[in-house]
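Colleague: what follows is a protein structure lacking sequence information:
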């Protein structure tokens, strides 16, 4: 996922998402926990934008994992004090445990199936201290998923004179939403046109909460967690 788009990922999404406000909200939520977490594992960290802000502005120790090497290389450059590892969220193994884990920007959906969701939460639990916290930002629920054109977005970077056009078309395969993402990049280096396919599991609230309980978490659903997006909070108390 995003292997072809990694070079332009920040250029595009930093213009569409308010990472500063999201990190501020995450810090606010973590500050409500007693004791406040200091070490964080960012699961499916992408280019490490949240991790970078949480580390540099709020003083957290942040490590991350992601499936894509190019994204991990960008995250590592942004967060030189952290450890960023290429790994699958369903099967990763790291040498330490953390106070908290994050899985933001709907990345939990990349676990794809009920078995994948169980495996992911099991691995996250193994990497949390007893009493540690998990924050999940979910993908859309099955009842809210619609096939066809999902959305289109555009960004422009003045410094590099680069324009990115992104169009996402969705279809459904059983309980998996499939996004065919078409990119058109116009830049001084040339024009680039390519596509990527993303497979994201469609999980119900009941399914996520049930799986969290099965893996030792006490789940709580927050309708407006990070800005307008809902969240699941879970304390690891097996």
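Modeller: Good, I have the coordinates. Just so you know, these numbers come straight off a predicted model, no measurement behind them.
Colleague: gap between stretch 225-234 and the chain center?
Modeller: Relative to its parent chain, stretch 225-234 has a centroid offset of 12 Å by Cα atoms, centre = their mean, to the nearest Å.
Colleague: name whatever forms a beta bridge with the closest residue in space to residue 173 that isn't next to it in sequence.
Modeller: Spatial nearest neighbour of residue 173, chain neighbours left out: residue 199 (7.9 Å); criterion: Cβ to Cβ, 6 or more residues apart in numbering. Heads up, the C-betas are built off the backbone N, CA and C, glycines and all. Counting by DSSP bridges, residue 199 is bridged to residue 178.
Colleague: surely residue 199 and residue 181 touch.
Modeller: No. Look at residue 199 against residue 181 with Cβ atoms under 8 Å: they stay out of range, at 11.7 Å.
Colleague: more neighbours: which of these two?
Modeller: Each of residue 199 and residue 181 has its neighbours counted (other Cβ atoms under 10 Å); residue 181 has more, 19 against 14.
Colleague: domain assignment for this protein?
Modeller: Listed by automatic domain parsing, the domain ranges of the chain are 6-140+203-236, 142-201.
Colleague: next, format the ones you listed as JSON lines and append mean pLDDT.
Modeller: Shown next, in JSON lines, are the domains of the chain (pLDDT from 0 to 100):
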{"stretch": "domain 6-140+203-236", "mean pLDDT": "97"}
{"stretch": "domain 142-201", "mean pLDDT": "95"}
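Colleague: among those, which is the most enclosed?
Modeller: Burial of the domains of the chain is given as mean neighbour count (mean count of other Cβ atoms under 10 Å); domain 6-140+203-236 ranks first at a mean of 19.
Colleague: residue 176 and residue 105: what is the separation?
Modeller: 18 Å (Cβ to Cβ, to the nearest Å).
Colleague: kindly report the same for residue 177.
Modeller: Look at residue 177 and residue 105: by Cβ to Cβ, they are 15 Å apart.
Colleague: list the contacts for the residue of the chain positioned farthest from its centre?
Modeller: Computed with Cα atoms, centre = their mean, the residue of the chain farthest from its C-alpha average is residue 188, at 30.5 Å. Residues near residue 188 by Cβ atoms under 8 Å, 6 or more residues apart in numbering: 160-162.
Colleague: do that again at 6 Å, thanks
Modeller: By Cβ atoms under 6 Å, 6 or more residues apart in numbering, residue 188 lies in contact with residue 161.
Colleague: and what of the one 3 residues further on?
Modeller: By Cβ under 6 Å, 6+ apart, no residues touch residue 191.
Colleague: what's the spacing between it and residue 183?
Modeller: Applying Cβ to Cβ, the value for residue 191 to residue 183 is 11 Å.
Colleague: re earlier: how close does the residue nearest to residue 173 get to residue 110?
Modeller: Look at residue 199 and residue 110: by Cβ to Cβ, they are 8 Å apart.
Colleague: one more: residue 147?
Modeller: Distance, residue 147 to residue 110, using Cβ to Cβ: 19 Å.
Colleague: same question, residue 56
Modeller: As defined by Cβ to Cβ, residue 56 lies at a distance of 26 Å from residue 110.
Colleague: helices of this structure, start to end?
Modeller: Using DSSP state H, the helices of the chain run over 6-16, 19-31, 49-56, 69-78, 114-126, 205-214.
Colleague: from the chain's centroid, how far away is the shortest one?
Modeller: With Cα atoms, centre = their mean as the basis, the distance from the averaged C-alpha position of helix 49-56 to the chain average is 13 Å.
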